[in-house]
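> need a structure here:
(chains A and B)
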Amino acid sequence: MTESPDEGGRREPPEPSEGPESPVRDETPGSADAQPWRRRTRLAPGVRAGIPILALLILLGIASLVPGIGFAADVSVEAAGRDLEAAIGRLQTGAPVLVDIDGDLGTYPEIRYATRAALADLMLRGANVAVVSFSGEGRAIAVAEIARLRHLGVGPDRVADLGFRSGGEPALVQLASEGIGPNTSGSFADAVRKDGLASFRLALVIGGAEIGPRSWVEQVQPRVPALPIAAITPSFLLPEVLPYRSSGQLVALVGTLPAGLAYGQQVAARGAEFGPGRFAERLPSGAAIVFGMLVAIAVLLASSGGSLAGWARAAWRRGRS
Amino acid sequence: MGPRRLEARALVSGFFETGGAGTVATWLAVLVTLGVWSYLVGERRLLRLSQMLLAGLATGYLSLIAIREVLIPQLIQPLAASSAHPELVLDLLLVAVLVAGRWLPRRVVAVPAAILVGGTVGYALGGAVTGTLLPQLAAGMVPRAAGPGDALAGAIGVAITVPVLFSFLHGVPRGRLLAGVTTTGRWLMLGGLGAWFGFLLLSRLALLVDRIGFLLGDWLGVLR
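Numbers count the residues shown, from 1 in each chain, chains lettered A, B, ... in the order given. Below you'll find the predicted structure:
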């Protein structure tokens, strides 16, 4: 049974220093936070703040001893690229591929290289690509990427523009149920119009916050189960979409800048050429990446250093008093 | 800037054509980037100008998309072409009610708003159950032939999921054990949110790296 704070008479008034370290508190009588037995152990704030970190390190240490759990980043990075390369490599020449470009302008730079590598890979394999978007920002990116491909010499028979579909997930359902619709013209569009989405051999989702792999897995996969879905997403979507890769609902997932770079290098190594110039020439500068990360770390230290110093100073004063 | 550098820039960014238009676009992007970063040294006017520029451009762009790619081809043109789409008249009426919602009674506006919210939630909920919940439950089952790593991962998954679900238990008397589980669930949830924030930070760092790469590589031509 729960005990009221007043019944025990042992509850002390909360200390101001306990606020930042505590999770969302429920101070109503009878709740867990109001129980006196939880107030018996009193640790310094710094020690309490370190407990979760210590627990995480211990957990990671134990997990590293278990066979079958790998922590080498290179392995997962290269595996992600190989998955996407294999998914595209299974396509036959002329296979129709649906590419949903719905990245955000704020995070697209992280996956731009992987996206262009995938488009180059698709062109190299001889696939025909239909591009569609369900968000305004995604449409802007799609228009730029289609224009870039056109500039490189890719004709409308290889890349069809399905345009912008308003309505978010309901529009996705409409696409899954009714196919590409009558508005797009051309021989490629005519070929995939009859059988709807089932005529595509792969769906490649360039995800963002609004429409991403989760929307495709939830709305399209139950309606068109034969359509394999691969995804390229920014890092912040990984916690949401990694379970789909583990369960096999996504056939491939490239979700970080290193994974995108590794995949792009794999594509470039096979000599993915289309239009003027080789794909390898578009590799982002490694020096810029290193310099950018150094600047980012410096900004982080500069922004958090002051608050950390203030916290340490307050803790030291509390200890002295 | 010679033609060689312009060509390299076009290969990297892909958004800018070579020639005068590309040069203007590059310099504009550089000025706006530096204008936003000027906030780091306390300059707010340039940041505010950049924000207003972004808001204005985004509003204009989205309006243009709504008119050119949605309203005209999907609503106006079918209505003007033939009278064989009576449902579009209803659509037009609902859109008009939503647009004029500020001046109409709340009960009138509630009808299209309820249709909008109900339809969206219906699609989302149905998809979440058939696309995420059931397949993920099936995938979460650890097979008998699984190795120790899979078994441990499954056990950790259960050990995290159960306390987090219990932390949403409200209005129920809690004993000491249940209170401990719910508190653990809250901490685990905070840990998950922290991890998610870490991924978001990683995305933003990549954006910063891209901007620095643009300035130093595409614009100045160094670090290439």
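> what does the domain assignment say about chain A?
A:5-65, A:73-284, A:287-321 (automatic domain parsing).
> which pLDDT value goes with residue 17?
Since no chain was named, I'll use chain A. As predicted, A:Ser17 sits at a pLDDT of 45.
> that's the wrong chain, I wanted chain B
Looking at B:Glu17, the pLDDT reads 59.
> now swap in the one 3 residues further on and tell me
Taken from the predicted model, the pLDDT recorded for B:Gly20 is 76.
> residue nearest the centroid of chain B?
Taking C-alpha atoms, centre = their mean, the centroid of chain B lies closest to B:Leu200, which sits 11.7 Å from it.
> nearest residue to that one in space, please, no chain neighbours.
Distances taken as C-beta to C-beta, 6 or more residues apart in numbering or on different chains put A:Phe236 closest to B:Leu200, at 4.1 Å, once the chain neighbours are dropped. Backbone N, C-alpha and C define where each C-beta goes, glycine included.
> A:Asp100 too?
Leaving aside its sequence neighbours, A:Asp100 sits nearest to A:Val205 (C-beta to C-beta, 6+ apart; 4.8 Å).
> the one you found reaches A:Ala230, doesn't it?
Yes. Look at A:Val205 against A:Ala230 with C-beta atoms under 8 Å: they come within range, at 7.2 Å.
> redo the domains of chain A as JSON lines? Include mean neighbour count.
Below are these laid out as JSON lines (neighbours: other C-beta atoms under 10 Å in any protein chain shown):
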{"stretch": "domain A:5-65", "mean neighbour count": "12"}
{"stretch": "domain A:73-284", "mean neighbour count": "20"}
{"stretch": "domain A:287-321", "mean neighbour count": "12"}
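> what about the residue of chain B found nearest chain A, neighbour count?
Relative to chain A, the nearest point of chain B is B:Gly149 (2.4 Å; C-beta to the nearest C-beta). Residues lying near B:Gly149 (other C-beta atoms under 10 Å in any protein chain shown) number 14.
> give me the element it is part of.
Using DSSP states H and E, B:Gly149 falls within helix B:148-166.
> off-centre distance for that helix?
29 Å (C-alpha atoms, centre = their mean, to the nearest Å).
> what element comes up after it heading to the C-terminus?
Following the chain from helix B:148-166 toward its C-terminal end, the next helix or strand by DSSP H and E is helix B:176-213.
> and the angle from the helix holding B:Gly149 to helix B:176-213?
Helix B:148-166 and helix B:176-213 are oriented at 110 degrees to each other (axes from the mean of the first three to the mean of the last three C-alpha atoms, to 10 degrees).
> CA atoms only for helix B:148-166 - export them in PDB, please.
What follows is helix B:148-166, C-alpha atoms only, in PDB (Å, rounded to 0.1, in the frame of the first residue of the first chain):
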ATOM      1  CA  PRO B 148      23.100 -16.200 -27.200                       C
ATOM      2  CA  GLY B 149      23.500 -12.800 -28.700                       C
ATOM      3  CA  ASP B 150      19.900 -12.800 -30.100                       C
ATOM      4  CA  ALA B 151      18.600 -14.200 -26.900                       C
ATOM      5  CA  LEU B 152      20.300 -11.500 -24.900                       C
ATOM      6  CA  ALA B 153      19.000  -8.800 -27.300                       C
ATOM      7  CA  GLY B 154      15.500 -10.200 -26.900                       C
ATOM      8  CA  ALA B 155      15.800 -10.300 -23.100                       C
ATOM      9  CA  ILE B 156      17.100  -6.700 -23.100                       C
ATOM     10  CA  GLY B 157      14.200  -5.700 -25.400                       C
ATOM     11  CA  VAL B 158      11.700  -7.200 -23.000                       C
ATOM     12  CA  ALA B 159      13.500  -5.700 -20.000                       C
ATOM     13  CA  ILE B 160      13.300  -2.200 -21.500                       C
ATOM     14  CA  THR B 161       9.800  -2.500 -23.000                       C
ATOM     15  CA  VAL B 162       8.000  -3.700 -19.900                       C
ATOM     16  CA  PRO B 163       9.100  -0.900 -17.500                       C
ATOM     17  CA  VAL B 164       8.500   1.800 -20.100                       C
ATOM     18  CA  LEU B 165       5.000   0.500 -20.700                       C
ATOM     19  CA  PHE B 166       4.400   0.400 -16.900                       C
END
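> what is the mean pLDDT for that helix?
Helix B:148-166 shows a mean pLDDT of 83.
> can you check stretch B:116-125 too?
Averaged across stretch B:116-125, pLDDT comes to 89.
> give me the low-pLDDT residue ranges for chain B?
Low-confidence segments of chain B (pLDDT under 70): B:1-18, B:83-84, B:223-224.
> domain map for it?
Residue ranges for each domain of chain B read B:1-84, B:85-141, B:148-224, as given by automatic domain parsing.
> in chain A, which spans are helices?
Secondary structure of chain A (DSSP state H): helices located at A:5-8, A:45-65, A:73-89, A:108-124, A:136-151, A:169-178, A:187-193, A:213-215, A:238-246, A:257-269, A:286-320.
> hmm, back to that, next up, the contacts around the residue nearest to A:Asp100.
By C-beta atoms under 8 Å, 6 or more residues apart in numbering or on different chains, A:Val205 lies in contact with A:100, A:102, A:212-213, A:216, A:229-233.
> out of those, which is nearest to B:Val97?
Comparing the contacts of A:Val205 against B:Val97 with C-beta to C-beta places A:Asp102 closest, at 28.9 Å.
> got the contact list for that closest one?
Residues in contact with A:Asp102 (C-beta under 8 Å, 6+ apart) are A:133-135, A:137-138, A:205-208, A:210-212.
> these two touch, right, A:Arg158 and A:Arg125?
No. Using C-beta under 8 Å as the test, A:Arg158 is too far from A:Arg125 to be in contact (11.3 Å).
> now the helices of chain A as TSV including mean pLDDT and distance to B:Trp37?
Listed next are the helices of chain A as TSV, based on pLDDT from 0 to 100; distance: least, C-beta to C-beta, whole Å:
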stretch	mean pLDDT	distance to B:Trp37
helix A:5-8	42	51
helix A:45-65	73	32
helix A:73-89	81	30
helix A:108-124	89	16
helix A:136-151	90	22
helix A:169-178	90	36
helix A:187-193	83	44
helix A:213-215	95	33
helix A:238-246	90	28
helix A:257-269	85	21
helix A:286-320	73	10
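> between those, which one is nearest to B:Ala55?
In terms of C-beta to C-beta, the element of these nearest to B:Ala55 is helix A:136-151, at 13.6 Å.
> B:Leu116: helix or strand, and which one exactly?
Following DSSP H and E, one finds B:Leu116 within helix B:106-127.
> how far away is the spatially most central residue of chain A from chain B?
The centroid of chain A falls nearest to A:Leu237 when counting by C-alpha atoms, centre = their mean (3.0 Å). Look at A:Leu237 and chain B: by C-beta to the nearest C-beta, to the nearest Å, they are 8 Å apart.
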